[in-house]
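A.B. asks: Got a predicted model here, sequence first, then my questions.
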Amino acid sequence: MKIALLLLVLCSCSDRSKPEVKRDPEPERQRRVIEPPSGRVRPLPPHAIRADGVGPYRLKASLAELLEQLPSGPRIATLDIPGVVHQSLLRAENEEILIGGEPLGKASFIAVIGPEVARTESGVHVGSTRAELTHALGAPLGEPDHARDPRLVASTGMRNARAVLDGDHVVALVVIADPEAPHAKDASAESACTRPTPEPETKRIGACLGGGELVAYEGDDIVVRSAESEKVIVATRVPGLVYVAPLRNPTDGRDELVAIARTADPQQRGWTLLAYRLEGSRLVKAVEPSPLYQLTAASARWIGAELGDLDLYLELTSRLDTIEVGGLLTTRIADKIHDVVVISPVSVPRRHAKSAPFEAPDAGTPDASSGEDAAMNPDRPPR
């Protein structure tokens, strides 16, 4: 008992004799402040291709506003060929996205020409095949009052987009502002016939020239057959033929057969529109053979290209009294698309007077001499 009491007293004395350790107050921690990044924050590819633009680049935005989004340096050019194109062109994303519009105006189209820089939500991009394009964006638009170059595809899944094809692959995707609203059709067009189903294996196109026909073209030759009997109704030849397509005339619900012909020599290229109606077993002119666009070696050099590297992809729209022609112009460098621009529209009036029978020797040309030049020219663009 005495021992325990002694130990308790000793411990108490030991605690009292232990010096108190003084601690310096802890310094207040400084908060970490993250400064906002200097300059503009830019989204990185791949960008989304949408109906209203591509990534941060929006249709209908002013070109001046879009130019501010680009790094400093020469990123704008003017492409001007009288009667063909008059557009300002901005180059973005290492020149793989092209933004165009009227000079000092707003963006009216945006083109993607690089395989990795942008794609649609469904995965379509430059390099996709025609089959992949159809699977992702739906079948090509079936519009009787439109006719397009077979190398230019508009899909049901994105009506204001155009895919430019080289063979079986997409080489450019173009989104265009203000897709055209369907125009009012004449009441007589309600009785329009349904075009026969096309036959890709025989390269035959369905048309309603009379009561249902199949149209085939090869080289400069056009053959119209009855869809029911396979009987040849009429055959003709158009020098310099590029392609043929049916185009609905809204006044009577019948198709006209439109053809695009091209002449070419080392110094110039010209595109001509022809359109015919079928009357019995004859083709008669629906419009006078009409020169549409002409490109020369000098005008090609003016925009920094060679004449042989320029091409047109034409799109035709049927109106009550006219056929309106527009489309795209492309330039290439080393077999790769370099420029894509929307061309100036041209309107061609329909004939109202009774047409004379179609005569093959001067088909596709405004006069006989130019027809001979076209027949002698073997240079024709790919279909």
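C.D. replies: Nice, thanks for sending it over.
A.B. asks: in the chain, which spans are helices?
C.D. replies: Counting by DSSP state H, the segments of the chain that form helices are 2-17, 63-68, 130-137, 297-302, 368-376.
A.B. asks: lowest-pLDDT helix or strand in the protein?
C.D. replies: Taking mean pLDDT, DSSP states H and E as the measure, the helices and strands of the chain show their lowest mean at helix 368-376, namely a mean of 35.
A.B. asks: Now for the closest residue to Val164 other than its chain neighbours: which residues touch it?
C.D. replies: Nearest residue to Val164, sequence neighbours excluded (Cβ to Cβ, 6 or more residues apart in numbering): Ala172, at 4.0 Å. (Glycine included, C-beta is placed from N, CA and C.) With contacts taken as Cβ atoms under 8 Å, 6 or more residues apart in numbering, Ala172 has the following neighbours: 111-113, 126, 163-164, 330, 337, 340.
A.B. asks: repeat that with 6 Å
C.D. replies: Under the criterion of Cβ atoms under 6 Å, 6 or more residues apart in numbering, the contact partners of Ala172 comprise 111, 113, 164, 337, 340.
A.B. asks: so how far is Thr322 from it?
C.D. replies: In this structure, Ala172 and Thr322 are 28 Å apart, going by Cβ to Cβ, to the nearest Å.
A.B. asks: now His338
C.D. replies: Distance, His338 to Thr322, by Cβ to Cβ: 33 Å.
A.B. asks: so what are the domain limits for the protein?
C.D. replies: Each domain of the chain is listed here as a residue range: 47-176, 194-376, per automatic domain parsing.
A.B. asks: so what secondary structure elements neighbour the strand ranked longest in the chain?
C.D. replies: With DSSP state E setting the assignment, residue counts place strand 282-296 as the longest strand in the chain. The criterion is 3 or more Cβ pairs under 6 Å, 6 or more residues apart in numbering; DSSP states H and E, and the helices and strands that strand 282-296 contacts are strand 268-279, strand 346-349.
A.B. asks: Which among these is found nearest to Ser318?
C.D. replies: strand 268-279 (9.6 Å; Cβ to Cβ).
A.B. asks: Just grab the bridge partners of the residue most central in space within the chain for me.
C.D. replies: When the chain is reduced to its mean C-alpha position, the nearest residue by Cα atoms, centre = their mean turns out to be Arg162, at 2.9 Å. Under the criterion DSSP bridges, Arg162 forms beta bridges with Val174.
A.B. asks: if we can go back for a sec, how near is the residue nearest to Val164 to Ala92?
C.D. replies: Between Ala172 and Ala92 the computed distance is 15 Å (Cβ to Cβ).
A.B. asks: Output the below-cut-off pLDDT ranges for the protein.
C.D. replies: Along the chain, the parts satisfying pLDDT under 70 run over 1-42, 72-74, 179-192, 352-383.
A.B. asks: go with 50
C.D. replies: 1, 8-10, 182, 184, 186-189, 353, 355-383 (pLDDT under 50).
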